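Participant: Quick check, what structure comes out for this input:
(one chain, ligands or ions: 1)
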Amino acid sequence: MNHIVVHRAGGYDRLRLESAPDPQPGPGDVLIAVEACGVNFADCVVRMGLYASAKLYVGWPITPGFEVAGRVLAVGADVQGVSPGDAVVAVTRFGGYATRVCVPRVQVFAVPAGWTMAEAAAFPSVHLTAWWALFELAHPRPGATLLVHSAAGGVGQALCTLGRLAGARVIGVVGHADKIPAARAAGAEVVEIGGPGLAARLRAHAPGGYDVVLDATGYETLSMSWDLLAPGGKLVVYGFHSMFRRGAGRPSWPKLVWGFLRTPRFNPLDMTGQNKSVLAFNLSYLFDRTDFLTEAMGRMQAWIAEGRLGPPKVQVFPFAQVADAHRALETGRTTGKLVLAV
Ligand SMILES: NC(=O)c1ccc[n+]([C@@H]2O[C@H](COP(=O)([O-])OP(=O)(O)OC[C@H]3O[C@@H](n4cnc5c(N)ncnc54)[C@H](OP(=O)(O)O)[C@@H]3O)[C@@H](O)[C@H]2O)c1
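Facilitator: Now for the predicted structure:
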């Protein structure tokens, strides 16, 4: 098989295409001939050597990648419900940038009818992230008002879509005017970051405050997000991308230190007194929560079958041009999901 290997932390040139023996499915495993793999912002952070769970679970060298779609090549003993030739999508705790991937059966799901492999590979990470944020943590009531930062991005669009399916009103923030149509298509009322008075413009959309704010921007927006919450509101923190330089390929240590120092520390006394909560998560530590994975994918696949949830918008790069996909994602100017076609 071929896979993309990062031997040590660095820029785009660290993404090397290499060959390796095919993995063999053990008991309970499914071997997949990959046709498409999803690209996530986290993969760029893995390449930079700053993703803590990558160090915990893999170390160096590492093949990034959290999701693939393709056809089953073989199954190990005790595997039921999938057979060689089936079109499947799977989640992977790293290792997804590969032409062959072997994963436990519980991480494998059918490709929805009529979807391309690229659309299928683009689905799990961002939708499972949005699901955990909304339905495990925030529990928005129908009629709740949600604020989604980076609403035109991969997770951003999934949050808008699932938020609307939960019956919420969604206000989405985007970094550039050319992203407005993408966030609007995902169901958000859109506010562009540029121009003066972002907080005031966001407050004008929800004068009583927001019931839920979903923030992966980090130190640049967290204090504002907290201030915008209504009493009883929840701030869900799931990333810190403002700590990175856009399009630089490598982290800036002064910016990382500055971002770390400027990240607000929330005080339980303030939370109690103001009736506001801060919730946070990183799904890459939660692969053993197979109950969540099975329930969330099952419910979302039912929504897909009912026509309530459509395929993600994808931008496809050839497998060997993975560096271009990382470069594009790190500019912060992409919309939707980036996918590698194998
Ligand atoms: N905790 C978890 O389990 C989990 C799981 C998946 C993803 N995430 C996080 O969710 C966020 C979105 O991930 P994604 O894969 O869907 O990416 P994405 O949203 O498609 O791209 C990132 C977006 O962030 C904004 N941005 C702000 N500062 C940036 C910077 N310095 N460099 C690049 N982009 C920047 C840009 O949108 P605007 O300019 O429009 O704001 C950009 O489009 C990331 O922070 C990621 O780490 C967390």
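Participant: Can you get me a residue count around Gly195?
Facilitator: 8 (other Cβ atoms under 10 Å). Yep, even glycine has a C-beta here, placed from its N, CA and C like the rest.
Participant: With the one 10 residues further on instead?
Facilitator: Here the number of neighbours of His205 (other Cβ under 10 Å) works out to 15.
Participant: Also the one 10 residues further on?
Facilitator: Here the number of neighbours of Asp215 (other Cβ under 10 Å) works out to 26.
Participant: which residues of this structure fall in helices?
Facilitator: 41-47, 52-57, 117-121, 124-131, 154-165, 180-185, 198-205, 222-228, 253-262, 268-274, 290-305, 322-331 (DSSP state H).
Participant: mind checking the backbone torsions on the closest residue to the ligand within the stretch 201-342 of the chain?
Facilitator: Nearest residue of the stretch 201-342 of the chain to the ligand: Gly239, at 2.6 Å (Cβ to the nearest ligand atom). When quoted as degrees, to the nearest 10, the phi and psi of Gly239 stand at phi -180, psi 170.
Participant: isn't it right up against Ala216?
Facilitator: Yes: assessed by Cβ atoms under 8 Å, Gly239 is found in contact with Ala216 at 2.9 Å.
Participant: Identify the contacts common to those two.
Facilitator: Contact criterion Cβ atoms under 8 Å, 6 or more residues apart in numbering; residues shared by Gly239 and Ala216: Val155.
Participant: burial count for Ala188?
Facilitator: Per other Cβ under 10 Å, the neighbour tally for Ala188 reads 28.
Participant: again with the one 3 residues further on
Facilitator: Val191 is flanked by 20 other residues according to other Cβ under 10 Å.
Participant: Next: Gln80.
Facilitator: So Gln80, with other Cβ under 10 Å, has 8 neighbours.
Participant: Quick one: residues contacting the residue nearest to it when sequence neighbours are not counted.
Facilitator: What sits nearest to Gln80 in space, not counting adjacent residues and going by Cβ to Cβ, 6 or more residues apart in numbering, is Arg105, at 7.6 Å. Contacts for Arg105 (Cβ under 8 Å, 6+ apart) come out as 28-30, 75, 79-82.
Participant: Recalculate using a threshold of 10 Å.
Facilitator: 25, 27-30, 75-76, 78-82, 90 (Cβ atoms under 10 Å, 6 or more residues apart in numbering).
Participant: residues from the stretch 1-150 of the chain in reach of the ligand?
Facilitator: By the rule Cβ under 6 Å from any ligand atom, the part of the stretch 1-150 of the chain lying against the ligand is 40-42, 125-126, 129, 150.
Participant: residue ranges of the strands in the stretch 1-150 of the chain, please?
Facilitator: Assigned by DSSP state E, counting those that start in this stretch, the strands in the stretch 1-150 of the chain fall at 2-5, 16-19, 29-39, 67-75, 87-91, 100-104, 108-110, 145-148.
Participant: Between the ones you listed, which one is closest to Thr331.
Facilitator: strand 29-39 (13.3 Å; Cβ to Cβ).
Participant: Count the residues that sit near Gly59.
Facilitator: Neighbours around Gly59, by other Cβ under 10 Å: 8.
Participant: Any figure for the gap between it and Leu159?
Facilitator: Here the criterion is Cβ to Cβ, to the nearest Å. By it, Gly59 lies 32 Å from Leu159.
Participant: Check Phe66 too.
Facilitator: 17 Å.
Participant: residue contacts, the most centrally placed residue in the chain?
Facilitator: For the chain, the residue nearest the mean C-alpha position is Val126 (3.6 Å; Cα atoms, centre = their mean). Contact analysis of Val126 by Cβ under 10 Å, 6+ apart lists 38, 40, 66-67, 153-159, 161-162, 312, 336-337.
Participant: now, the most widely separated pair of these?
Facilitator: Comparing all pairs in the contacts of Val126 by Cβ to Cβ, the longest separation belongs to Phe66 and Thr161, at 19.0 Å.
Participant: Filter the contacts of Arg105 down to just the buried residues.
Facilitator: Buried members of the contacts of Arg105, scored by 16 or more other Cβ atoms under 10 Å, are 25, 29-30, 75-76, 79, 82, 90.
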